[in-house]
Every structure is written in structure tokens, then in C-alpha cells.
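1. My questions are about this predicted structure, shown below with the sequence.
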Amino acid sequence: LFTEPMLLSQATPVVGTRFTPNMYIFDAAFTRNNYGLAAAASVVLLLVTVALSYGVARWTNRANAPEENAR
């Protein structure tokens with residue numbers, strides 16, 4: 001989510017410096033020198049990732065539960 005868009009941004013104008021959340025954080029910290037914004041965006045990205053991971057884990061466990069009980 002970082003390397004590929006960063007390489008593509010040099011080849012095409014479609015992919016900008018803020019194409020993915022990781023690139024946005026990188027741009028905020030190292031291009032605009034706004035470390036507070038980069039830190040806050042990193043925490044938000046962490047919370048979203050944890051919430052999505054938890055949701056997917058709960059959903060897949062719930063989907064597999066009837067199969068395990070049938071055995």
C-alpha cells in the first residue's frame with residue numbers, strides 16, 4: 001500500500017502523493033513537516049485497522065461455527 005503507489009506516482013499523474021493513507025501520512029510528515037498531523041493520522045489508521053481486523057475475525061469465526069458444531 002505504499003511502495004507500488006509511490007513508484008507509480010513517478011510514472012503517471014493519476015497517482016498523487018496522497019493516494020493511500022500511508023502515502024498521506026508520509027506526505028504530512030516528510031513533505032509538509034507536520035508531524036502532529038502524521039502522528040494523529042497514524043493513530044486513526046491503527047484504530048481503523050484494529051477494528052476491521054476484529055470485525056473480520058469475528059465474522060469468519062461466526063461463519064465457521066456451525067460447521068464445527070455439526071462434526
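-> Arrived safely, thanks for sending.

2. Quick check: which ranges of this structure have low pLDDT?
-> 66-71 (pLDDT under 70).

3. Can you show me the helices along it?
-> 3-11, 21-26, 35-70 (DSSP state H).

4. burial of Leu45, as a residue count?
-> Applying other Cβ atoms under 10 Å, we find 14 residues neighbouring Leu45. The C-beta positions use only the backbone N, C-alpha and C, and glycine is treated the same way.

5. what about it, distance to Val14?
-> The gap separating Leu45 from Val14 is 23 Å, by Cβ to Cβ, to the nearest Å.

6. And Leu8, by the same measure?
-> Distance from Leu8 to Val14, by Cβ to Cβ: 8 Å.

7. Then Ala63?
-> Relative to Val14, and taking Cβ to Cβ, Ala63 is found at 37 Å.

8. was I right about Leu1 contacting Phe19?
-> No: Leu1 lies out of contact with Phe19 (Cβ atoms under 8 Å); the separation is 9.4 Å.

9. okay, those two: which has more neighbours?
-> Per other Cβ under 10 Å, whichever of Leu1 and Phe19 has more neighbours is Phe19, with 18 against 10.

10. State the distance from the more buried one to Leu52.
-> For Phe19, the distance to Leu52 - Cβ to Cβ - is 19 Å.

11. And for Ile25?
-> For Ile25, the distance to Leu52 - Cβ to Cβ - is 17 Å.

12. more crowded one of those two?
-> Using other Cβ under 10 Å as the criterion, Ile25 and Leu52 rank with Ile25 on top: 20 against 10.

13. what's near enough to touch that one?
-> Contacts for Ile25 were tallied using Cβ atoms under 8 Å, 6 or more residues apart in numbering; they are 38, 41-42, 45.
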